[in-house]
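Visitor: Structure for this input, please:
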Amino acid sequence: MEKQMDTSLLDRAIRFAVEAHSGVERRGKGFPYIVHPMEAMAIVATMTPDQEVLAAAALHDVVEDTEVTLDEIRSRFGDRVAQLVDTESDHFKEGLDWRTRKEDSLRRLKEATRDEKIVALGDKLSNMRAIARDYTSEGEVFWDRFRVKEKSVHGWRYHALLDAFSDLSDTYAYQEFEFLVNRIFPAD
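Guide: The predicted structure is shown next:
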């Protein structure tokens, strides 16, 4: 008989994320947005069985992309889940350009805990998989869909993310991320 695992927190987080992202399409992809956080959560599950970390992965975009507040996440899922979600949320600061925001995010990520980095790597690997698929099929015109259209600038960011995640290099998720980053953004 299999050991019963308590997944009640994760189950609630998944339902909450599904409801929060209901009816939203992943930017120009033709599929529901919820596919991305569920993929990020599945990636995180390859690095940890911690239910709070998995819940944070499922919820990682709700504060950034919906009307849900961090206080609501805290009241429903606890302080630790809220902290993990907050660390992965892009903190849009009025007047800051894209690069400055990304540099700030990278600084925070370098100082993050292992669990915070695991949630972030789940998100970034899911994004990198999508980039690799779309870039492979579309070629250079792929970059036109972004505000920042220079491939080299995206390459700078993803190589910096590799550095920020380096203490996760023992995980398959990091190794896949590294492979994809180096395939799409080869070092000159």
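
Visitor: Show me what the helix or strand residue 158 falls within is packed against.
Guide: Element membership for residue 158 (DSSP states H and E) is helix 151-164. Contacting helix 151-164 under the criterion 3 or more CB pairs under 8 Å, 6 or more residues apart in numbering; DSSP states H and E are the following elements: helix 98-110, helix 114-138, helix 172-184. Every residue, glycine included, has its C-beta placed from N, CA and C.

Visitor: Deepest in the core, which of the ones you listed is it.
Guide: Highest mean neighbour count among these (mean count of other CB atoms under 10 Å): helix 114-138, with a mean of 20.

Visitor: and the angle for that helix with helix 151-164?
Guide: Direction vectors for helix 114-138 and helix 151-164, defined by axes from the mean of the first three to the mean of the last three CA atoms, to 10 degrees, enclose an angle of 150 degrees.

Visitor: how near is the spatially most central residue of the chain to residue 107?
Guide: Most central residue of the chain, judged by C-alpha distance to the mean C-alpha position with CA atoms, centre = their mean, is residue 123 at 1.8 Å. According to CB to CB, to the nearest Å, residue 123 and residue 107 sit 17 Å apart.

Visitor: Hmm, residue 169 and residue 175 touching each other?
Guide: Yes. With contacts defined as CB atoms under 8 Å, residue 175 counts as touching residue 169 at a distance of 7.3 Å.

Visitor: quick one: low-confidence parts of the protein?
Guide: Applying pLDDT under 70 to the chain picks out residues 1, 28, 91-95, 188.

Visitor: Could you rerun that using 80?
Guide: Using pLDDT under 80 as the threshold, the predicted model of the chain has low-confidence ranges 1-3, 25-30, 89-96, 188.

Visitor: Can you give me the end-to-end span of stretch 144-159?
Guide: Length of stretch 144-159, first residue to last, CA to CA, to the nearest Å: 20 Å.

Visitor: ok, residue 63 - contacts?
Guide: Contacts for residue 63 (CB atoms under 8 Å, 6 or more residues apart in numbering) come out as 69, 70, 73, 85, 86, 89.

Visitor: What residues does the second one make contact with?
Guide: In other words, residue 70. 63, 82, 85, 86, 89.

Visitor: In strands, which of those residues appear?
Guide: Among the contacts of residue 70, no member is found in strands (DSSP state E).

Visitor: which parts of stretch 78-89 are buried?
Guide: In terms of neighbour count (16 or more other CB atoms under 10 Å), stretch 78-89 has its buried residues at 81, 82, 83, 84, 85, 86, 87, 88, 89.

Visitor: Pull up the gap between the fifth one and residue 131, please.
Guide: Which is residue 85. Residue 85 sits at a distance of 23 Å from residue 131 (criterion: CB to CB).
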